[in-house]
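K.L.:
give me the fold of what follows.
(chains A, B and C)
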Amino acid sequence: MLSRKLEFVSPEGLRIDGRRPNELRRIQARVGVFMQADGSAYIEQGNTKILATVYGPHEVSRKNKPLHDRAIINCEYRVASFATAERKKPVRTDKRALDLAAAVRGAFEGAVMTQLYPRSQIDIFLQVLQSDGGNRAVCINAATLALMDAGIAMKDFVCACSVGCIDDTPLLDINYIEDSAGGPDLTVAVLARSRKTVLVEMDSRLHIDRFDDVLRLAIDGCQAIHSILDSAMVERTKALLAGAASGADADL
Amino acid sequence: MMDVEPSSSSSSSAMQSSSDYSSAAIAGAAELFIAANGRHIVCPGDTITTETSFMRGHGTYFQQQSKDENEQPAQLTAAYAGIVERVNKLLVVRPLRTRYSGEVGDVVVGRVTGLGGKRWKLDINARLDGILLLSSVNLPGGVLRRRSAEDELMMRDHLTEGDVISAEVQSLFSDGTLSLHTRSLKYGKLHYGSFMSVPSALIKRCKNHFHDLPCGVTMILGLNGYIWLSETRATAQMQLNPNDEIEETSFQITSINARSNIARIRNCINALASRHMPIYDSTVVYAYDASLEFDVKALLQPEAIDKITAHARALADPGAM
Amino acid sequence: MTLALSRFEQEDIAAGVAANLRSDGRLRTDYRPFTVESGIVSNTSGSARVRLGLTDVLVGVKAEIGEPDQAKPTQGRFEVTVDFSSTSASAAAFDDDNTETELASAIARTLKGVDLSALCIVPGEQCWVIYIDALILVAAGNAYDVLSLAVRAALANTRIPKVEVSDDGHGRVELEVSDDPHHVTELDIRAVPVIVTLSKIGAFHIVDATIEEESCAKSRVHVAVDSKGAFCMVTKASAGGIEPQLLFDALESAKQVGQHLLSQLEATLKQEERALAMFPNSQRGFLTDLQSAT
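P.N.:
Numbering: from 1, shown residues only, chains lettered A, B, ... in the order given. You can find the predicted model right below:
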């Protein structure tokens, strides 16, 4: 037991990548990646890199039946072959992918004002370019930005974060290695201002005593993520106002 | 303690000067982000104001912040990422990018995707396809022609899949579907010319959406973001003949000269769209003037796009956005 | 999926093509500007993203040790897969009605002429397998052309670690893969061709068709051209025949256009290299946006 703790959190309190238990990975976000999509966003959270694209609202696709009073949200999730350390060919009907897509859809059904778009469909497409843990949460964050970029009415930002727990220590925003330790992995998504949860998912067992700490840490993480997403969205709005939408970055 | 890195994305260059709307001084506003240029930028969930005297316009909603409803009044909250605009006491949040939704009287350009049941279905780049009822079109040959056109084959004679039309929004169905009409002589089927698409948010409502540009190109700016470019013709497409019946005139394919100018205008419009600039007859003309130093196809290059859009922006009215 | 145009639009486009003045002013043989970014996916041996018009393709290359093709025991080998990203799956997406396997086979065929003997580790037993995974982020026509450009750029960006082969004296072979980032081999990509797609409208062929032009095209030819001008592959797709003389003319112009494309790609990659040398920490990839026209 002791040796495992040393492995993931050093005696000085540092994790494998040098973070403290309540530290998020470095997050960088960009809104508006694809010109012709209604909305799009790209997020790097540590080494997890995800693209989100939104189309709609538009006419309901043939395989779906329109709802008379609100929009349908359709979500798809795919992982690139080169996204994982070991190359893995993506399978179209992968159960995990379908599961994740359903979770994301559920989270946004609580936040998007679908009643403003009856008889139509909103598509959220998620593409993982690099996978290093926390995919579910990063997908939700990227989708929030993409939906806003598409000018789709939402109550608030949906911010998500994952927390693991190794040897009674809650760890915020676990990466792939930490996730492989086999401990519980909680993903939480909240509406930023009200802190109401729209998604709570947990893999593996977590003792009820620990749950409160873990959940609090996750919600705190979501709050921090909110300010990052908010900045990215404001940057995008400023850039559009200034007509710099597709201009070269000032960095180069 | 949370230790996070701030995000970084695109940087912004020169800001626009303040708009007609007095967005900066909204009384009772809390936690607002005010951009340096006086524009009031908000994101979903942001409180716009706690003053109860303001009316809720498009893009806003009321949210209870505290659990006790009696303690604090509901706050007017933004539902889009965009800018707050105020007309007297009405507050509205306008997203800078969004799907076309349409209002009665809008001029649109659409493409027929299907027909049947005395109506045509059109792609108008909106949330839902538009509808053009048979009773809403002018058919050549007058009243007699219309009755026999109820047959699908005869309808297809008039407008078939793939055809492009200009039309006006007549009414809205309850689910938001737009019902169009082409009852004025200036609307109807479009023949030889070039179709293009830009984000609908860049096209603003004006008195006139049909422009005969100085270079011999006629431009129809559909509020839905669909644009039609064609060679300016001396005669109208549909006319009244001596018997007061509507008649279609014959059409000629675009001449070589006009073809080059149409391509130039097309590239200018795409340049404006790529820099998220509003598309009016004036901005198009400014861009066109600046484009003359380049070959038409050179306007596809980023350097040329930068130059002509910078020129157009410098000349465009402040607060045009 | 093709866009339905009115017959007037189709006639107008055909007239423009015949007059060598297309709807955006291009000649029949002009490509639109394209952007290339290489090395933007970490976790790969090489990568590149190419954007042409609205089409957007990302290619990741991973080198892994595996078994050689028994027919070519002293060579490494390629494995190509093409996937349409979920981001490309929209009502507005237009692919060329080409399935992922067709595209992958086409790319694989064009790579047959590349010499991979440098990638042999133990003849007949171990070699480097170069996995080329192409992700079509936005499908808006010209899939073949953009794919080939991205694959070539990604391969140019690929670095394969050097391997030390030692014999323990009992016939057992040990491989030691160097993890020194400077102890690497580059691939010789001179024989990697670019694919030029020619679409026939009326009596003429055009390259880099827009979505509208593509829907007017009666047939299509894909020609793989390498820097020497040699043809590696010709495929005629979809309905409509081509008169032999026209086909010959098309191939001639494909050769010229293709070589021009290759030199443009070379120039862009060199420019990128220079920029990286000057600003090694600049933000790249999806976090930034190279200037691109619509």
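K.L.:
A:Ile72 and chain C, how far apart?
P.N.:
13 Å (C-beta to the nearest C-beta, to the nearest Å). Yep, even glycine has a C-beta here, placed from its N, CA and C like the rest.
K.L.:
which SS state does A:Glu7 fall under?
P.N.:
What DSSP: H, G, I helix; E, B strand; the rest coil gives for A:Glu7 is helix.
K.L.:
okay, now residue 135: neighbour count?
P.N.:
Let's take chain A. If you count neighbours by other C-beta atoms under 10 Å in any protein chain shown, A:Asn135 ends up with 24.
K.L.:
look at chain C instead
P.N.:
Neighbour tally, C:Leu135, other C-beta under 10 Å: 29.
K.L.:
any idea which helix or strand carries it?
P.N.:
Using DSSP states H and E, C:Leu135 falls within strand C:126-138.
K.L.:
that strand close to chain A?
P.N.:
Yes - with C-beta under 8 Å from any C-beta of the partner chain as the criterion, chain A is reached by strand C:126-138 at C:Tyr131, C:Asp133, C:Leu135, C:Leu137, C:Val138.
K.L.:
what about that strand, distance to the chain center?
P.N.:
On the basis of C-alpha atoms, centre = their mean, to the nearest Å, strand C:126-138 sits 12 Å off its chain's mean C-alpha point.
K.L.:
list the contacts for the closest residue to chain C within chain A?
P.N.:
Using C-beta to the nearest C-beta, the single residue of chain A nearest to chain C is A:Phe82, 3.2 Å away. Residues near A:Phe82 by C-beta atoms under 8 Å, 6 or more residues apart in numbering or on different chains: A:Leu129, C:Val41, C:Asn43, C:Thr44, C:Ser47, C:Gly60, C:Val61, C:Lys62, C:Tyr131, C:Asp133.
K.L.:
with adjacent residues omitted, what lies nearest to it?
P.N.:
C:Gly60 (3.2 Å; C-beta to C-beta, 6 or more residues apart in numbering or on different chains).
K.L.:
specify the local secondary structure of C:His260.
P.N.:
helix.
K.L.:
number of nearby residues for it?
P.N.:
Count around C:His260 with other C-beta under 10 Å applied: 16.
K.L.:
looking at this, the residue of chain A closest to chain C is in a helix?
P.N.:
No - counting by three-state DSSP, A:Phe82 falls outside a helix, being coil.
K.L.:
quick one: it and C:Val192, what's the gap?
P.N.:
If you measure A:Phe82 against C:Val192 using C-beta to C-beta, to the nearest Å, the figure is 19 Å.
K.L.:
tell me the spacing between B:Arg86 and chain C.
P.N.:
For B:Arg86 relative to chain C (C-beta to the nearest C-beta), the value is 33 Å.
K.L.:
now do the phi/psi pair for that residue.
P.N.:
phi -130, psi 130 (degrees, to the nearest 10).
K.L.:
just A:Met148 next, same as before
P.N.:
phi -70, psi -40.
K.L.:
need the contact list for it.
P.N.:
Counting by C-beta under 8 Å, 6+ apart, A:Met148 has contacts A:Val31, A:Gly39, A:Met154, A:Phe157, A:Met233, B:Cys43, B:Pro44, B:Tyr80, B:Ala81.
K.L.:
what about stretch B:275-289, distance to the chain center?
P.N.:
Worked out by C-alpha atoms, centre = their mean, stretch B:275-289 lies 14 Å from the chain centre.
K.L.:
close to chain C, is that stretch?
P.N.:
No - Stretch B:275-289 does not reach chain C (C-beta under 8 Å from any C-beta); its nearest approach is 10.1 Å.
K.L.:
got the buried residues for that stretch?
P.N.:
Buried residues in stretch B:275-289, defined by neighbour count with 16 or more other C-beta atoms under 10 Å in any protein chain shown: B:275-281, B:283-289.
K.L.:
among the residues you listed, name the ones in helices.
P.N.:
Residues of these located in helices (DSSP state H): B:Asp281, B:Thr283, B:Val284, B:Val285, B:Tyr286, B:Ala287, B:Tyr288, B:Asp289.
K.L.:
any idea how far chain A is from the fifth one?
P.N.:
Right, the one you point to is B:Tyr286. For B:Tyr286, the distance to chain A - C-beta to the nearest C-beta - is 13 Å.
K.L.:
hmm, that residue is touching B:Leu315, no?
P.N.:
Yes - using C-beta atoms under 8 Å, B:Tyr286 is in contact with B:Leu315, at 4.7 Å.
K.L.:
for the nearest residue to B:Thr232 once chain neighbours are set aside, phi and psi?
P.N.:
Using C-beta to C-beta, 6+ apart and skipping residues adjacent in sequence, the residue nearest B:Thr232 is B:Thr218, 4.6 Å away. Dihedral angles of B:Thr218 (phi, psi; degrees, to the nearest 10) stand at phi -100, psi 130.
K.L.:
what's the answer for C:Gly285, then?
P.N.:
phi 70, psi -140.
K.L.:
would TSV of the contacts of A:Met148 with secondary structure, pLDDT and neighbour count be doable?
P.N.:
Shown next, in TSV, are these (DSSP: H, G, I helix; E, B strand; the rest coil; pLDDT from 0 to 100; neighbours: other C-beta atoms under 10 Å in any protein chain shown):
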residue	secondary structure	pLDDT	neighbour count
A:Val31	strand	96	28
A:Gly39	strand	95	28
A:Met154	strand	97	22
A:Phe157	coil	97	29
A:Met233	helix	96	26
B:Cys43	coil	96	28
B:Pro44	coil	96	32
B:Tyr80	coil	96	27
B:Ala81	coil	96	33
